[in-house]
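Enquirer: Requesting a structural model of the entry that follows:
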Amino acid sequence: MVPENWQRAGFGVYVHWPFCQAKCPYCDFNSHVVANVDQSAWVRAYLHELDRLALQTPDRVVSTIFFGGGTPSLMLPETVDAIIDRIRSNWRCSNDIEINLEANPTSVEASRFLGFKEAGVNRISMGIQALNDPDLKKLGRLHSVYEAEKAFDVARTLFERVSFDLIYARQDQSAADWEAELTKALGMAVDHLSLYQLTIEDGTAFGDRFARGGLQGLPSDDLSADLYEITQSLTQKYGFGAYEVSNHAKQGQESRHNLIYWRGGDYVGVGPGAHGRYDVGDARKATETYLGPQKWLDAVASSGNGESSTNLLPKSEQALEYLLMSLRLSEGCDLHRLNDLDGSLVSENKINDLVTTGHLMVQDQRLIVPPSAKILLNSILGQLVG
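Expert: Residues are numbered from 1 along each chain as shown. Presented below is the predicted three-dimensional model:
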């Protein structure tokens, strides 16, 4: 019998907390700044949605829970505790479940870390973003490097697994600047780093500024490529392998929740703007929720369902999603699984052409983008499925 998607790649629960203290100018995530949040009302809505989704996904074993945002470290520990407790009562959970919470490194949020640990959180992902104060200010961050280091020290004493994010290819950042900053970060890091090139997204403050001719000092394409190569070389040297395009970890310390996405597993999403993918019989359901926090909250209260859309994905779309996500990983795409979904998606000729040019390789029936070609991933995907 062919294993179900969740048996191949895990089953996770994603909880979206949509609130932040301030909107970062580069951010295009679903995040909102409000003065006051009635967390008791939010707890009720989250618990209702978890109950509803549990009825649709029986017999799953939860391997990961991820609190994302927004800024989940603004949640009260009691809120996090109630959600985790309801997940445990609704589903069976694996003995080594990963429960991750994203946090900003301000002193106020770090003071809640012990409460989060007592609630069951066992992994913290910190949005540090830069290790110098002028650049933190340019990025709209509310913390200093000193606060970030102190919060990181608190997290490291409480949690065995701690990750943090940095953004590079920032304004006026030289290759030497990034090499020094990344070396410092690797000296701090516990087991995982997420390293993202700054991208200018439409609809963000940076996007608007860039469209008006502002945002000077962004790197050229050549410098961006150099910064990427420095990132790969240094992380490899320090034992933080690039298991995904922007994610680096020591062996066995990869983000298991994100691997569910990239490996095409099952997950349910609750909260404004959360997505879900899970099998229902022979079909695969794709869900989205209302983006607006109040609209989502009102929908749950009035209709008992915060979803804005629910669709069944045909095999062709499932195959495309799996290909696009799995090729981000160093382990690549399982060709047997891809062909089971849609054997016509990618032609053997296209694969052979890209293998010949060194942009793809096939090992043990897995299609892999080699490290040397990863910087060209979007182009490679376009050639594969274009």
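
Enquirer: and the helix or strand where Gly127 lies, which strands flank it?
Expert: Assigned by DSSP states H and E, Gly127 falls within strand 123-129. When sheet partners are counted by DSSP bridges, strand 123-129 sits next to strand 92-103 (parallel), strand 161-168 (parallel).

Enquirer: Now do the buried residues in the next helix or strand after the first one.
Expert: Meaning strand 92-103. Using DSSP H and E, the helix or strand that follows strand 92-103 towards the C-terminus is helix 107-110. Across helix 107-110, burial judged by 16 or more other Cβ atoms under 10 Å covers Glu109, Ala110. To be clear about C-beta, it is placed using only N, CA and C from the backbone, and glycine gets the same treatment.

Enquirer: and if you look at stretch 369-383?
Expert: The neighbour-count check on stretch 369-383 (16+ other Cβ under 10 Å) flags Val369, Ala373, Lys374, Ile375, Ile380, Leu381 as buried.

Enquirer: ok, back up a step: got the CA positions of the strand holding Gly127 in CSV?
Expert: Taking C-alpha atoms only, strand 123-129 is exported to CSV below (Å, rounded to 0.1, in the frame of the first residue of the first chain):
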residue,chain,number,x,y,z
ARG,A,123,12.1,25.3,19.8
ILE,A,124,12.5,29.1,19.4
SER,A,125,13.0,30.9,16.1
MET,A,126,14.3,34.4,16.7
GLY,A,127,14.0,37.3,14.1
ILE,A,128,17.3,39.0,14.8
GLN,A,129,17.8,40.1,11.1
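
Enquirer: Output the lowest mean pLDDT helix or strand found in this structure.
Expert: helix 107-110 (a mean of 77; mean pLDDT, DSSP states H and E).

Enquirer: packing partners for it?
Expert: Packing contacts for helix 107-110, counted by 3 or more Cβ pairs under 8 Å, 6 or more residues apart in numbering; DSSP states H and E, involve helix 145-158.

Enquirer: What is the nearest of the buried residues of stretch 369-383 to Lys237?
Expert: Lys374 (17.0 Å; Cβ to Cβ).

Enquirer: okay, the residue nearest to the closest one when sequence neighbours are not counted: pLDDT?
Expert: Closest residue in space to Lys374, ignoring its immediate chain neighbours: Val245 at 6.1 Å, by Cβ to Cβ, 6 or more residues apart in numbering. Looking at Val245, its pLDDT stands at 96.

Enquirer: Repeat that for Arg170.
Expert: At Arg170, pLDDT is 94.

Enquirer: Where does it sit: helix, strand or coil?
Expert: Put simply, Arg170 is coil when judged by DSSP: H, G, I helix; E, B strand; the rest coil.

Enquirer: Looks to me like Gly207 is in a strand.
Expert: No - Gly207: not assigned to a strand; according to three-state DSSP it is helix.

Enquirer: what's the spacing between the residue nearest the centre of the chain and Leu329?
Expert: For the chain, the residue lying nearest the average C-alpha position, counting by Cα atoms, centre = their mean, turns out to be Asn258 (5.7 Å). As judged by Cβ to Cβ, to the nearest Å, Asn258 and Leu329 stand 10 Å apart.

Enquirer: So which residues of the stretch 251-386 of the chain form strands?
Expert: 266-270, 275-280, 283-289, 307-313, 333-334, 361-363, 366-368 (DSSP state E, counting those that start in this stretch).

Enquirer: so can I have TSV of the ones you listed showing mean pLDDT?
Expert: Below are the strands of the stretch 251-386 of the chain laid out as TSV (pLDDT from 0 to 100):
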stretch	mean pLDDT
strand 266-270	98
strand 275-280	96
strand 283-289	96
strand 307-313	97
strand 333-334	96
strand 361-363	96
strand 366-368	97
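
Enquirer: now the ones you listed as TSV including distance to Trp91?
Expert: Formatted as TSV, the strands of the stretch 251-386 of the chain follow (distance: least, Cβ to Cβ, whole Å):
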stretch	distance to Trp91
strand 266-270	10
strand 275-280	12
strand 283-289	17
strand 307-313	19
strand 333-334	26
strand 361-363	35
strand 366-368	30
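
Enquirer: Tell me which of those strands sits most buried.
Expert: strand 266-270 (a mean of 26; mean count of other Cβ atoms under 10 Å).

Enquirer: wait, which of the strands paired with strand 123-129 is closest to Asp342?
Expert: Using Cβ to Cβ, the strands paired with strand 123-129 put strand 92-103 closest to Asp342, at 30.3 Å.

Enquirer: Compute the inter-axis angle for that closest one and helix 145-158.
Expert: Counting by axes from the mean of the first three to the mean of the last three Cα atoms, to 10 degrees, strand 92-103 lies at 160 degrees to helix 145-158.

Enquirer: Flag every buried residue along strand 92-103.
Expert: Cys93, Ile97, Glu98, Ile99, Asn100, Leu101, Glu102, Ala103.

Enquirer: Who is the third one paired with across the strands?
Expert: Note on Glu98: beta-bridge partners by DSSP bridges are Thr64.

Enquirer: Give the burial count for Pro293, as a bare number.
Expert: By other Cβ atoms under 10 Å, 22 other residues sit near Pro293.

Enquirer: pretty sure it is in contact with Pro272, am I right?
Expert: Yes - counting by Cβ atoms under 8 Å, Pro293 touches Pro272, with 4.9 Å between them.

Enquirer: Now the common contact residues for the two.
Expert: Pro18 (Cβ atoms under 8 Å, 6 or more residues apart in numbering).

Enquirer: before we move on, the earlier item: can I get the strands paired with strand 123-129 in CSV with distance to Glu147?
Expert: Formatted as CSV, the strands paired with strand 123-129 follow (distance: least, Cβ to Cβ, whole Å):
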stretch, distance to Glu147
strand 92-103, 12
strand 161-168, 13
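
Enquirer: Which one, of the ones you listed, ends up nearest to Asp59?
Expert: The nearest among the strands paired with strand 123-129, by Cβ to Cβ, is strand 92-103 at 8.3 Å.
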